[in-house]
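1. Compute the structure for the input listed below.
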Amino acid sequence: MIDIHSHVLPGIDDGSHDVQMSMKMLQKAAEQGVDLMFFTPHFYADETDPKKYIERREGAVTRLREAMASSGIRTPKFLLGAEVHYYRGIGRSADIDPLCMGNSRYLLLEPPFRSWTSTFLEDVRLLRDEQDKKVIIAHIERYLDQDKHLVKELLSEPGIYIQANAESFLERKTRKKALKMLENGQIHFLGSDCHNLDVRCPNLKEGRDVIEEKLGASYLEAIDSHSARLVQEAI
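-> Predicted coordinates:
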């Protein structure tokens, strides 16, 4: 089981506060059967630059790796990435390669929460076409109330991948829509997007259980296939 979206690294964003919390989150994920996690802390271009971000991320990784080595607790393996918040002009940005998932060309992109415009879609296409990136749109369920034409256009755009949070299959207000999107082939990846141990805890297995119950195991197999390709390219 692969979790492609998490905020487990300690003290780097609004996720885990410290190493102790990170270890408990990893332990909980392992108990659910997660074999590998991508650590994807937030990247905001208006707060830092990629070089400084990578330095901070490496510091957090070092602290957590030391705790993992000495704890004796079974934890998932991990690869590094980033949840890159959209900024205007990202499609032509020359320094985003280090923000991709591991050694891959996959980029986890957090769309704007403000009203979408055609510029956002243009930048996504530029990332794909001119920078040869495999763009993964993060937690799509949060944006379904955006301009319907732009959402439909994004979901039908070839070569653009969509990630949903496991929570979207657990919450009553989003479950029906999430299941329909998955059934229609509009969701390619799952992530827990876990931030802590209470309201946003590791929950990938719970979401997968709902999918298997409602739609069948074949839909999980399709997600696992996409995730396996991502990992293969990332290592």
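2. Using PDB, list the CA coordinates for stretch 228-235.
-> In PDB, the C-alpha atoms belonging to stretch 228-235 read as follows (Å, rounded to 0.1, in the frame of the first residue of the first chain):
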ATOM      1  CA  ALA A 228       3.700   1.500  -8.500                       C
ATOM      2  CA  ARG A 229       4.700   3.300 -11.700                       C
ATOM      3  CA  LEU A 230       5.300   6.500  -9.700                       C
ATOM      4  CA  VAL A 231       7.500   4.700  -7.300                       C
ATOM      5  CA  GLN A 232       9.500   2.900 -10.000                       C
ATOM      6  CA  GLU A 233      10.300   6.300 -11.600                       C
ATOM      7  CA  ALA A 234      11.000   8.000  -8.300                       C
ATOM      8  CA  ILE A 235      13.600   5.500  -6.800                       C
END
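3. Phi and psi next, for Ile160.
-> Ile160 adopts backbone torsions of phi -110, psi 130, taken as degrees, to the nearest 10.
4. what's the closest residue to it other than its chain neighbours in contact with, if anything?
-> Once flanking residues are discounted, Ile160 sits nearest to Val135: 5.4 Å by Cβ to Cβ, 6 or more residues apart in numbering. In this view, the C-beta of every residue, glycine as well, is placed from N, C-alpha and C. Contact analysis of Val135 by Cβ atoms under 8 Å, 6 or more residues apart in numbering lists Tyr106, Leu107, Leu109, Val124, Leu127, Arg128, Gly159, Ile160, Tyr161.
5. Dump those into a markdown table; add secondary structure as well.
-> Listed next are the contacts of Val135 as a markdown table, based on DSSP: H, G, I helix; E, B strand; the rest coil:
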| residue | secondary structure |
| --- | --- |
| Tyr106 | strand |
| Leu107 | strand |
| Leu109 | strand |
| Val124 | helix |
| Leu127 | helix |
| Arg128 | helix |
| Gly159 | coil |
| Ile160 | coil |
| Tyr161 | strand |
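6. out of those, which one sits closest to Ile54?
-> When the contacts of Val135 are compared for distance to Ile54 (Cβ to Cβ), Leu107 wins out at 14.5 Å.
7. If you count contacts, what does the lengthiest helix in the chain end up packed against?
-> The longest helix of the chain (DSSP state H) is helix 50-71. For helix 50-71, the packing partners by 3 or more Cβ pairs under 8 Å, 6 or more residues apart in numbering; DSSP states H and E come out as helix 19-32.
8. Now do the helix it packs on against helix 50-71, angle only.
-> Angle, helix 19-32 to helix 50-71, by axes from the mean of the first three to the mean of the last three Cα atoms, to 10 degrees: 70 degrees.
9. Which residue ranges of this structure form strands?
-> Secondary structure of the chain by DSSP state E: the strands cover 2-3, 36-39, 42-43, 77-80, 83-85, 106-110, 134-137, 161-165, 189-191.
10. Need those in CSV (columns: mean pLDDT and distance to Trp116).
-> Putting the strands of the chain into CSV (pLDDT from 0 to 100; distance: least, Cβ to Cβ, whole Å) gives the following:
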stretch, mean pLDDT, distance to Trp116
strand 2-3, 98, 27
strand 36-39, 98, 25
strand 42-43, 98, 19
strand 77-80, 98, 28
strand 83-85, 98, 14
strand 106-110, 98, 13
strand 134-137, 98, 11
strand 161-165, 98, 15
strand 189-191, 98, 21
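11. out of these, which comes closest to Lys177?
-> strand 161-165 (9.9 Å).
12. For that closest one, which strands pair with it and how are they oriented?
-> strand 134-137 (parallel), strand 189-191 (parallel) (DSSP bridges).
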